[in-house]
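Asker: After the sequence you'll find the predicted model.
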Amino acid sequence: MSLGEPLPKTVFGHPWLLQGGEKMSKSRGNVIYADDLISLFGVDAVRYYVLHEMPYDNDGTITWELMVERYNSDLANILGNLVNRTISMSNKYFGGVVTKTGAEEEVDKDLKAVVTAARDKAAAKMDEYRMTDALDEIFAIFKRSNKYIDETEPWVLAKDEAKKGRLAEVMYNLTEAIAIGANLIMPYMPETAKNILDQLNEKEREYDDLDKFGLRASGEKVTEQPAIIFMRKDLKEIMEKVEEIKKAQIAEYEKENGGAAAPAQGSAAPASEGASTDKAEVVVEMKPEITYDDFAKLQFVVGEIIKCEEVPKSKKLLCSQVKIGNQVKQIVSGIKQHYSAEEMVGKKVMVLLNLKPATLAGVLSEGMLLCAENAEGELALMVPEKDFEGGSEIS
């Protein structure tokens, strides 16, 4: 804006990635760090999970258990097993040479239709920011290829010398389908895509050619030593490693907070002695200490809301006119999901008065209303216990 450049017409704000349905917080002890995920599953597997499990218009959920489940089902079984089986059969039956013979059958048509349609289907989903659906369209290639193996039964064809040409065509079709699928997942899983193409002895193709079937040169060899792309993970072994990660995080938290223990991940903070166990005790994460001089710079006062309106095109913001003594301040607050504009009018509230003005959603805000937030994300305005006049100092 300051450069005079045109502003974006569309801004995509993605939803939350929740840990087991809750927001992640160090004080809650339920943070899953990307570095830890990568150390156990690899970069591309983490990229796949996050892209696949965060729908365009809903929050996504991640847990260690769900990560293992998705890794094994999609990456190890559907993709990794397909690549390994195809290359292994090519080596077993033809010494790794993949040849197009033209011995086609009706079942080949459906495989080719799925493969050649995937590019445009995925692109259409990406145009709508639906990355989850785009990945599903690409993985339809790998799922259809696995079904194609079951339909054509290469191990049965290999027993009949008269069907050698048909077997070669089947292996060519599988290799070509995987090559196109690998090219399509390149933006999402670049290391995996390159690994697959290297094992197939294929080069990256032009995007415009990814709706064309049969561009692989006949007679090219695949690798003689196929490497498993995604080795299946054992949940028990992963969770044992996760426990070590949690212990290290708790130790770090205690060090940062002078020995105050953080709750274990996936569990609530312990209730204080003698308190009700219906709700978990809130664990407060301390910020750096300040001096009294720092605190004295903040001016807290009582204000009375005399007018309140919703901020246009915003799901969270309310704009309040707050009477503070002999002046009126305009304050924008993200409390629309907790208070209606109508019920705000007439409330006495606590205000941080000398906060530097800022513009929120195009509306000037000249202060801050003080609120409390619980572990469930519920907000409540802080209000004076007595009916003090607007402008009264809070100290």
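Answerer: Yep, that arrived.
Asker: residues touching residue 89, list them.
Answerer: By Cβ atoms under 8 Å, 6 or more residues apart in numbering, the contact set of residue 89 is 154, 155, 171. Backbone N, C-alpha and C define where each C-beta goes, glycine included.
Asker: Could you dump those residues into CSV with neighbour count and pLDDT added?
Answerer: Below are those laid out as CSV (neighbours: other Cβ atoms under 10 Å; pLDDT from 0 to 100):
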residue, neighbour count, pLDDT
154, 21, 96
155, 12, 95
171, 26, 97
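Asker: From those residues, which land in helices?
Answerer: Residues of these located in helices (DSSP state H): 154, 155, 171.
Asker: and which of those residues is nearest residue 11?
Answerer: Proximity of those to residue 11 (Cβ to Cβ) peaks at residue 171, which lies at 47.3 Å.
Asker: quick one: which of the contacts of residue 89 is nearest residue 216?
Answerer: For the contacts of residue 89, the minimum distance to residue 216 (Cβ to Cβ) is 11.1 Å, reached by residue 171.
Asker: So which residue is dead centre in this structure?
Answerer: Central residue of the chain (Cα atoms, centre = their mean): residue 50, 3.2 Å from the mean position.
Asker: That one looks like it's in a helix, true?
Answerer: Yes. Checked against DSSP: H, G, I helix; E, B strand; the rest coil, residue 50 lies within a helix.
Asker: any idea how far the residue lying closest to it once chain neighbours are set aside is from residue 291?
Answerer: Ranked by Cβ to Cβ, 6 or more residues apart in numbering and with sequence neighbours excluded, the top spatial neighbour of residue 50 is residue 17, at 6.7 Å. Look at residue 17 and residue 291: by Cβ to Cβ, to the nearest Å, they are 37 Å apart.
Asker: For these two, indicate the residue with more neighbours.
Answerer: Shown here are residue 17 and residue 291; by other Cβ atoms under 10 Å, residue 17 has more neighbours (16 against 7).
Asker: On the strand side of things, show who that one bridges to.
Answerer: residue 60 (DSSP bridges).
Asker: just to revisit the earlier point, mind listing what the residue nearest to the centre of the chain touches?
Answerer: For residue 50, the contacting residues are 17, 60, 62, by Cβ under 8 Å, 6+ apart.
Asker: rerun at 10 Å
Answerer: 14, 17, 34, 37, 60, 62, 67, 131 (Cβ atoms under 10 Å, 6 or more residues apart in numbering).
Asker: Any chance of the backbone angles for the fourth one?
Answerer: Dihedral pair for residue 37: phi -60, psi -40, per degrees, to the nearest 10.
Asker: so it touches residue 67, yeah?
Answerer: Yes. Counting by Cβ atoms under 10 Å, residue 37 does reach residue 67; the two are 6.8 Å apart.
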